[in-house]
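>>> Provide a 3D model corresponding to the input given below.
(one chain, ligands or ions: 1)
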Amino acid sequence: MTLRACVKGVGHYLPERIVPNAEFEATLDTNDEWIRARSGIERRHFAAEGETTSNMAAAAARAALSDAGCEADQVDAIIIATSTPDLTFPSVATMVQAELGMHTGFAFDIQAVCAGFIYALSNANALILSGQAKRVLVIGAETFSRIMDWTDRSTCVLFGDGAGALLLEAQEGEGTAQDRGILSTDLNSDGRHKDLLYVDGGVSTGTTGHLRMQGNQVFRHAVEKLASTATTAMERAGVTPEDVDWIVPHQANIRIIQGTAKKLGLPMDQVVVTVQDHGNTSAASIPLALSVGRDRGQIKPGDLIVTEAIGGGLAWGAVVLRW
Ligand code: UT7
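Reported below is the predicted structural model:
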């Protein structure tokens, strides 16, 4: 028998305010057609004034707990992937722990930008496999609207806010690729590319800063690195693209999503796509897509899922799991 980190529940939260592409036309030299054609984005949600990453993370966590039929005090650990914490410290995860009324266990944040949820899943898997936790809430939550430069048309039209959560639980498996739960993970980073996507502020500068991106340079790395990490994760899991039911990619750009699916030899009707409705929500994009994909009836129990992401660092990775 082998321990597996299995999905027990999933949930998400999106802020009420929806901003269509056309809204940017009033203040920027841009248009709906360019944004749709170059990125696939049609609209995004922006947090209300005073609405924070921890508020959204807690709402997604509650939805995942309710989906699992589980109480907060049955959870051993909370891991939150975010690059937009409420405060420099304490972690968003401890804030959510308090908000959920969970007074035991432990909670911490992971910062790997858009690859954050993949890193968080991999860490949660390691905690479960090593027996340090039985149930782990893994959350991706972001308020990227707070770090946009609203005069920079090349970035501010691309990002959105939101949160998604999975509750993972230790279950016995057979040790085969037929098991439910996480079957493999693959993490990578290469700090030589740190200047392609970064925020020009932080504690040591005394400012929050704004997101800066050389989008076309990031694009050049994306398809190749995503297809490569997904292939490595599939090999580790002992599965091939023919076995896969769904790719659930990081939702940054429809052209990256299409290019990666093509490289993996999978048709777009096996890809969960939410980028048109959410924009790029960084670490929140994968759990949002998993939750929406499940709600749409696309993802079903037993489905084999490959999920992958790349972002600032560069940091990238993939997880293979059976739902
Ligand atoms: O999630 C983290 C990882 N991030 C990503 O994966 C993002 C990866 N990159 C991308 O998604 C794409 O590179 C973008 C959507 C950011 C840009 O698409 P692109 O096809 O790479 O366009 P580009 O940056 O090469 O820009 C083409 C043109 C430029 O004008 P010139 O120099 O050709 O005259 C830009 O100035 O489009 C211009 N442009 C715009 N035009 C209208 C840039 N932003 C806009 C805009 N509206 N919002």
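>>> and the pLDDT for the residue of the chain found nearest the ligand?
Using Cβ to the nearest ligand atom, the single residue of the chain nearest to the ligand is residue 215, 2.6 Å away. Every residue, glycine included, has its C-beta placed from N, CA and C. pLDDT, residue 215: 96.
>>> so what's it up against?
154-155, 158 (Cβ atoms under 8 Å, 6 or more residues apart in numbering).
>>> quick one, domains of the protein?
2-173, 181-322 (automatic domain parsing).
>>> what's the end-to-end length of the longest one?
Yep, that's domain 2-173 we're talking about. 5 Å (Cα to Cα, to the nearest Å).
>>> so which bits of this structure are right by the ligand?
Contacts of the chain with the ligand, taken as Cβ under 6 Å from any ligand atom, map to 30, 34-35, 38-39, 114, 153-154, 157-158, 215-216, 218-219, 222, 252-253, 256, 280, 310-311.
>>> let's see that with 5 Å instead.
30, 34, 38-39, 114, 153-154, 157, 215-216, 218-219, 252-253, 280, 311 (Cβ under 5 Å from any ligand atom).
>>> can you flag the buried ones in these?
30, 38-39, 114, 153, 157, 215, 218-219, 252-253, 280, 311 (16 or more other Cβ atoms under 10 Å).
>>> can you pull out the helices in the stretch 151-300 of the chain?
Here the stretch 151-300 of the chain has its helices, by DSSP state H, counting those that start in this stretch, at 153-156, 215-237, 254-264, 275-278, 285-295.
>>> next, the angle helix 215-237 makes with the third one.
Per axes from the mean of the first three to the mean of the last three Cα atoms, to 10 degrees, the angle that helix 254-264 makes with helix 215-237 is 40 degrees.
>>> low pLDDT regions in this structure?
Applying pLDDT under 70 to the chain picks out no residues at all.
>>> rerun at 90
Along the chain, segments meeting pLDDT under 90 span 1.
>>> where do the strands sit along it?
Along the chain, the segments classed as strands by DSSP state E run 2-13, 17-20, 43-46, 77-81, 106-110, 135-143, 161-173, 181-189, 197-199, 211-213, 246-249, 304-311, 315-322.
>>> what's the fourth one in contact with?
Put plainly, it is strand 77-81. Contacts for strand 77-81 (Cβ under 8 Å, 6+ apart): 57, 61, 91-93, 96-97, 100, 102, 105-112, 116-117, 119-120, 123-124, 127, 132-133, 135-141, 283.
>>> for it, which positions count as buried?
Using 16+ other Cβ under 10 Å as the test for burial, strand 77-81 gives 77-81.
>>> that one: partners in the sheet, and parallel or antiparallel?
strand 106-110 (parallel), strand 135-143 (parallel) (DSSP bridges).
>>> tell me the contacts of residue 136?
Contacts of residue 136 by Cβ under 8 Å, 6+ apart are 5, 75-79, 124, 127-128, 167-168.
>>> now the residues you listed: which count as buried?
Applying 16+ other Cβ under 10 Å to those flags 5, 75-79, 124, 127-128, 167-168 as buried.
>>> from those residues, which two are the most distant?
5 and 78 (14.5 Å; Cβ to Cβ).
>>> that older thread, looking at the helices of the stretch 151-300 of the chain, which one is packed in the most?
Comparing the helices of the stretch 151-300 of the chain by mean neighbour count (mean count of other Cβ atoms under 10 Å), helix 285-295 ranks first with a mean of 26.
>>> list the contacts of it.
10-12, 14, 60, 63, 114, 117-118, 138-140, 162-166, 246, 248-252, 272-275, 278, 281, 299, 305, 307, 309, 323.
>>> re earlier: what's the closest of the helices of the stretch 151-300 of the chain to residue 205?
Among the helices of the stretch 151-300 of the chain, if distance is taken as Cβ to Cβ, the winner is helix 153-156, at 18.7 Å.
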